[in-house]
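**Student:** got a sequence here, can you model it:
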Amino acid sequence: MVRFVDEPFVTDAAARDLSVIKWKLLCGIGMTNVHFITLAENKNDIFDIYPAAVFKQKRFRKRDLLILGVAAGGHDAQDLTREMVQNCLDNCGDLTDIRGYFEKYVKDHL
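**Tutor:** Reported below is the predicted structural model:
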């Protein structure tokens, strides 16, 4: 089942409607121009960015995904991932284990 961390990274445009976006996602209601950021399913990458349209599929909503970020638009999603990596750099001072940082972030914010 799709879940959110308790403090997701959110763009300003998505922050205004975050509760509505969460509700629509869980109900499978279509949204345009909304993207969700999760940890990548493979261990080689850091993030996966999914457009909200894929969550209209019930089978996709039932997958065990943990959403770390919500962005209003594809370019905003790319900018948000950049901000997330910058947050890692600011808190760790090092980018050798970005994925490990966000795995710890998930454990701390569930």
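**Student:** list the buried residues of stretch 45-65.
**Tutor:** For stretch 45-65, the neighbour count (16 or more other CB atoms under 10 Å) marks Ile46, Phe47, Ile49, Tyr50, Ala52, Phe55, Arg61, Leu65 as buried. For the C-beta atoms, the positions are set from N, CA and C on the backbone; glycine is no exception.
**Student:** pLDDT at the second one, what is it?
**Tutor:** On the pLDDT scale, Phe47 is placed at 94.
**Student:** that older thread, in strands, which of the buried residues of stretch 45-65 fall?
**Tutor:** Phe47, Ile49, Tyr50 (DSSP state E).
**Student:** list the contacts for the second one?
**Tutor:** Residues near Ile49 by CB atoms under 8 Å, 6 or more residues apart in numbering: His35, Phe36, Ile37, Ala71, Gly74, Ala77, Gln78, Thr81.
**Student:** now do Asp48
**Tutor:** Counting by CB under 8 Å, 6+ apart, Asp48 has contacts Ile37, Thr38, Leu39, Ala40, Glu41.
**Student:** of those residues - the most surrounded one?
**Tutor:** Ile37 (24 neighbours; other CB atoms under 10 Å).
**Student:** report the beta-bridge partners for that residue.
**Tutor:** For Ile37, the beta-bridge partners under DSSP bridges are Ile49, Gly69.
**Student:** does it touch Leu65 like I think?
**Tutor:** No: checked against CB atoms under 8 Å, the pair Ile37 and Leu65 is beyond contact range at 10.5 Å.
**Student:** with distance to Cys92 as extra columns, can I get the buried residues of stretch 45-65 in CSV?
**Tutor:** What follows is the buried residues of stretch 45-65, written out as CSV (distance: CB to CB, whole Å):
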residue, distance to Cys92
Ile46, 14
Phe47, 17
Ile49, 22
Tyr50, 26
Ala52, 31
Phe55, 31
Arg61, 33
Leu65, 25
